[in-house]
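In: one predicted model, sequence on top.
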Amino acid sequence: MSEPSAAPAGGSAPADEFAARIRRVLAPDADGYPLHAPEIDGNAWAYVKDCLDTGWVSSVGRWVDRFEEVLAETTGARHAIATVNGTAALHAALLCAGV
């Protein structure tokens with residue numbers, strides 16, 4: 001396997017910049033990113049109920065639109081697209097990169 005290419009002089013590679021932005025947003029605890037049962041509290045129950053009541057539990061709807069907007073704002077990206085899972089996100093990223 002070949003080594004990843006070095007970052008351009010005076011800046012970081014796009015992947016390094018992306019990873020740094022994600023780390024700033026997620027702020028892991030000392031043990032990393034734990035996997036556990038979901039914790040749904042506060043307004044989250046109302047939001048889940050709204051999604052179920054309106055049938056918007058898929059890839060479209062006002063909550064998906066809002067998630068994409070907030071994700072783009074938080075990461076500094078011009079756009080964000082929600083996907084069904086990480087595999088779909090990686091597939092889309094590879095297609096966009098021409099792989």
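Out: Arrived safely, thanks for sending.
In: distance from the lowest-mean-pLDDT helix or strand in the chain to the middle of the chain?
Out: One helix or strand of the chain scores below all others by mean pLDDT, DSSP states H and E: helix 14-26, with a mean of 80. Here helix 14-26 is found 11 Å from its chain centre; the criterion is Cα atoms, centre = their mean, to the nearest Å.
In: who does it touch, helix- and strand-wise?
Out: Applying 3 or more Cβ pairs under 8 Å, 6 or more residues apart in numbering; DSSP states H and E, one finds that helix 14-26 contacts helix 62-75. For every residue, glycine as well, the C-beta is placed using N, CA and C.
In: now the angle from the least confident helix or strand of the chain to helix 62-75?
Out: Taking axes from the mean of the first three to the mean of the last three Cα atoms, to 10 degrees, one finds helix 14-26 and helix 62-75 inclined to each other by 110 degrees.
In: quick one: mean pLDDT for the helix or strand just after helix 14-26?
Out: As assigned by DSSP states H and E, the chain's next helix or strand after helix 14-26 is helix 44-54. Across helix 44-54, the average pLDDT comes to 87.
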